[in-house]
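Trainee: sequence and computational prediction follow.
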Amino acid sequence: MNKILIVLLFLSVTLSVLAAGGFSSLEEQMTGKEFSAAGLDKLSQQELDVLNSWLHSHSVATLASKTASTDVADSAEDQPELKSEDEDEDRTTITSKLVGTFDGWDGQSVFELENGQIWAQTSKTKWHTKEVENPVAIIEPGMFGTWRLHVEGLDKDCRVKRIQ
């Protein structure tokens, strides 16, 4: 247990330094061997999402940014409120059909919807099922600004982000 805490502390410091250039999840920063050695492979996807979000929100760069935003807001009360990209985004459930054959995801999948939107998988999970033509896809807002893709009739989902 102490080893996991030490690894997490090390990761949070490392991720804090890297946050200046953009936040990367634990899955992106660690090799598969490191990820398993830290015991993170035993976490559910939701638990991993929460951990990544916590690390991101407590990184030095994020905290410095929040402090700077507070200072700006205090010094210019008549200016519009600063909002993050996620706050401006419409967070309603999207229902459409996937274009073409669907047989699961591979950790780098891209999903094209009939409504013209294109979503990319952000989690590294892999899952395969029998092929289905143009299934109904439901993309729902998740915790901490994330999105989850569900395919109607299946009990699996994956984390995605909109790329178009």
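Mentor: Perfect, thanks for sending it. Numbering: from 1, shown residues only.

Trainee: please count neighbours and contacts with C-alpha atoms only from this point.
Mentor: Will do.

Trainee: OK, contacts around the closest residue to Glu152 other than its chain neighbours?
Mentor: Closest residue to Glu152 apart from its sequence neighbours, by Cα to Cα, 6 or more residues apart in numbering: Val136 at 5.5 Å. Going by Cα atoms under 8 Å, 6 or more residues apart in numbering, Val136 touches 95-98, 151-152.

Trainee: would you map the helices across the protein?
Mentor: For the chain, the helices defined by DSSP state H cover 2-18, 26-29, 32-37, 45-57, 60-75, 85-88.

Trainee: and the third one, what's its mean pLDDT?
Mentor: The pLDDT scores in helix 32-37 average 76.

Trainee: next one: the fourth one
Mentor: For helix 45-57, mean pLDDT is 76.

Trainee: using PDB, write out every CA atom in it.
Mentor: Output in PDB follows, covering the C-alpha atoms of helix 45-57 (Å, rounded to 0.1, in the frame of the first residue of the first chain):
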ATOM      1  CA  GLN A  45     -12.500   2.900 -15.400                       C
ATOM      2  CA  GLN A  46     -14.600   5.300 -13.300                       C
ATOM      3  CA  GLU A  47     -12.100   5.100 -10.400                       C
ATOM      4  CA  LEU A  48      -9.300   5.800 -12.800                       C
ATOM      5  CA  ASP A  49     -11.200   8.800 -14.300                       C
ATOM      6  CA  VAL A  50     -11.700  10.200 -10.800                       C
ATOM      7  CA  LEU A  51      -8.000   9.700  -9.900                       C
ATOM      8  CA  ASN A  52      -6.900  11.400 -13.200                       C
ATOM      9  CA  SER A  53      -9.300  14.300 -12.600                       C
ATOM     10  CA  TRP A  54      -8.000  14.700  -9.000                       C
ATOM     11  CA  LEU A  55      -4.400  14.800 -10.100                       C
ATOM     12  CA  HIS A  56      -5.200  17.300 -12.800                       C
ATOM     13  CA  SER A  57      -7.200  19.600 -10.500                       C
END
